[in-house]
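Participant: A structural model of the following input is requested.
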Amino acid sequence: MGRRRGEALEAAILEAAWDELSERGYANLTVDSVARRAGTSKPVLYRRWPDKQRLVEAAVVRRNVIQLVAPADTGSLRGDLIATLTEMNEKRGPFLAQLSMLLAGYFAETESSFAELREAVLAGRRSGRDEIMGRAIERGEIDPAKLTPRIASLPFELLRSEAMMTLRPVAPEVIEEIVDTIFLPLVR
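Facilitator: Below you'll find the model as predicted:
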């Protein structure tokens with residue numbers, strides 16, 4: 001196997017960082033352990049990331065980008081939300097619960113939050129939530145005057161909260177309750 005460079009090397013390092021984070025948690029992850037796992041040296045890592053925090057952020061962003069869920073387009077706001085929340089629940093629920101536990105030391109050390117990490121993951125991209133809400137406004141299903149940023153994020157935040165609190169996938173009836181009983185009455 002030849003020497004890895006560029007994107008191939010970076011991908012190997014970030015996968016190694018994710019694997020170390022998954023197995024050991026932030027507090028026990030070291031740059032040395034990531035370098036060993038990736039089959040490279042610490043100086044190679046430090047040329048790309050100045051410290052452990054930035055390395056872990058890059059690994060989380062990469063993992064999150066790989067697992068992004070495309071917003072559903074069923075033709076209705078209710079259908080889009082239920083389909084998207086269901087797919088997020090299936091693909092991302094375990095990831096978010098795992099991430100919250102693994103990054104406890106990171107949040108304490110950096111004095112940051114999940115919201116700040118989410119912004120790094122989105123990095124200026126339009127969120128699926130924004131696409132769903134935009135289509136619903138165009139179809140006349142939402143009163144735009146009632147759609148504040150907090151209300152727009154509500155179904156997604158409730159799904160995340162439920163998954164993180166229970167450490168289990170969210171039941172389909174809970175997703176329907178979030179959409180039908182809590183969210184839709186607020187925006188119509």
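Participant: and the lowest-mean-pLDDT helix or strand in the chain, what's buried?
Facilitator: Least confident helix or strand, the chain: helix 114-122 with a mean of 75, by mean pLDDT, DSSP states H and E. Within helix 114-122, the residues that count as buried by 16 or more other CB atoms under 10 Å are L117, V121. Any C-beta I mention is one placed from the backbone N, CA and C, and that applies to glycine too.
Participant: neighbouring contacts of it?
Facilitator: For helix 114-122, contacts defined as CB atoms under 8 Å, 6 or more residues apart in numbering pick out E57, V60, V61, N64, V65, S100, L103, F107.
Participant: of these, closest to Y26?
Facilitator: Using CB to CB, L103 comes nearest to Y26 of these, at 5.5 Å.
Participant: leaving out the residues flanking it, which one is nearest to the closest one?
Facilitator: Leaving out its chain neighbours, the residue that sits closest to L103 by CB to CB, 6 or more residues apart in numbering is Y26, at 5.5 Å.
Participant: in the longest helix along the chain, which residues are buried?
Facilitator: Secondary structure assigned by DSSP state H gives helix 77-102 as the longest helix of the chain. Residues 77-78, 80-86, 88-89, 92-93, 96-97, 99-100, 102 are the ones in helix 77-102 that count as buried (16+ other CB under 10 Å).
Participant: and if you look at stretch 62-82?
Facilitator: For stretch 62-82, by 16+ other CB under 10 Å, it's R62, R63, N64, V69, P71, A72, L77, R78, D80, L81, I82.
Participant: stretch 125-134 too?
Facilitator: Applying 16+ other CB under 10 Å to stretch 125-134 flags S127, G128, R129, E131, I132, M133, G134 as buried.
Participant: got it, and stretch 180-188?
Facilitator: F183, L184, V187.
Participant: touching that stretch from outside, list them.
Facilitator: 77-78, 81, 136, 141-143, 146-147, 151, 154-155, 158.
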